[in-house]
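J.: would you be able to build a 3D model of this:
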Amino acid sequence: MNKQRLILALFLILGVSGALYFSPLLQSPFLHLSKTIKLIYLGQTEGIQNSFTKHFNQAATITQLEEKNRYYERELLTLHQVSDEYHNLLREANSSITTVPSVELTRTISYVRMGDPHKLWIEMDHFNPTHVYGLLYRGYVAGIVVSNNRSPMALLNGDIKSSYAVSIGNSQAPGIARGNNERRLVIEFIPTWIPIFVGDEVVTSGLDQIFLSGLKVGKVVSISRASGYQSASVEPYFYAKNPAYFHVITKVR
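T.: Residues are numbered from 1 along each chain as shown. Here you go, the predicted structure:
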């Protein structure tokens, strides 16, 4: 009798686990509860850490430096866009400087699934589930942000669904960068008539309206040809290192 009850309990556990894993409808309330608990925990731990730091390390000075650091990171992106527009003006006489990018500092909550280092839940104040956002870490391209059950999910560079438009080297060869579930990125659909070389720097092109142009992605380490296109393997400047904070580009222009 006990054995039958144990088998029945195991089947029930497996059934519930399978339903939660494969059904977004059932996942949604559990994900919401889980993220709420994690946010409360992060808020409390950060509050304790900040109190400890301020108590022992000159609170006023540290607060000012933290604020300045965030300000200068945003200003770096602004200056980058102005510089990029300036070079476009030199190449295209009809180009004009319009607006500065809108950037939001966002906090990492947790992995979406254990064992997958390329997907993270993140916290955003103003999130549009229909929009795809560019993700940065210290000025380097880190991936994209998409909607999962109407919540912001970061797909880091290594994720196979993380893709964006890039240009390569001095020839500015166009291509699409995507993850490969490995450390290195793959750039596909590079025209064969445009020369690219090992060591070329890869930057965002801005043509997908996810990133502004010229943000650094990585360097080409190998090149191959197939189906009328070139492909390149790229060593990224950013790889999943579990940072606590990212910057999200909420508006390019």
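
J.: and for the helix or strand harbouring Val166, what are the contacting residues?
T.: Take DSSP states H and E as the rule and Val166 turns out to sit in strand 163-168. With contact meaning CB atoms under 8 Å, 6 or more residues apart in numbering, strand 163-168 is reached by 134, 141, 144, 173-179, 187, 190, 196, 200-208, 210-211, 213, 217, 220, 232. Yep, even glycine has a C-beta here, placed from its N, CA and C like the rest.

J.: might you specify the subset of these located within strands?
T.: Using DSSP state E, the members of the contacts of strand 163-168 that fall in strands are 134, 141, 144, 173-178, 187, 190, 201-204, 217, 220, 232.

J.: now those: which count as buried?
T.: Among the ones in strands among the contacts of strand 163-168, those classed as buried by 16 or more other CB atoms under 10 Å are 134, 141, 144, 173-175, 177-178, 187, 190, 202-204, 217, 220, 232.

J.: now do the contacts for Thr130.
T.: For Thr130, the contacting residues are Ser147, by CB under 8 Å, 6+ apart.

J.: whoops, Gly199 was the one
T.: By CB under 8 Å, 6+ apart, the contact list for Gly199 reads 219-220.

J.: can you pull the pLDDT of it?
T.: At Gly199 the predicted local confidence, pLDDT, stands at 97.

J.: tell me the contacts of Asn148?
T.: Asn148 is in contact with Val112, counting by CB under 8 Å, 6+ apart.

J.: ditto for Pro152
T.: With contact taken as CB under 8 Å, 6+ apart, Pro152 is in contact with 106, 121-124, 127, 133, 145-146.

J.: now render these as JSON lines, adding neighbour count.
T.: Supplementary listing: these in JSON lines, determined by neighbours: other CB atoms under 10 Å:
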{"residue": "Thr106", "neighbour count": "22"}
{"residue": "Trp121", "neighbour count": "20"}
{"residue": "Ile122", "neighbour count": "20"}
{"residue": "Glu123", "neighbour count": "18"}
{"residue": "Met124", "neighbour count": "17"}
{"residue": "Phe127", "neighbour count": "18"}
{"residue": "Tyr133", "neighbour count": "25"}
{"residue": "Val145", "neighbour count": "26"}
{"residue": "Val146", "neighbour count": "17"}
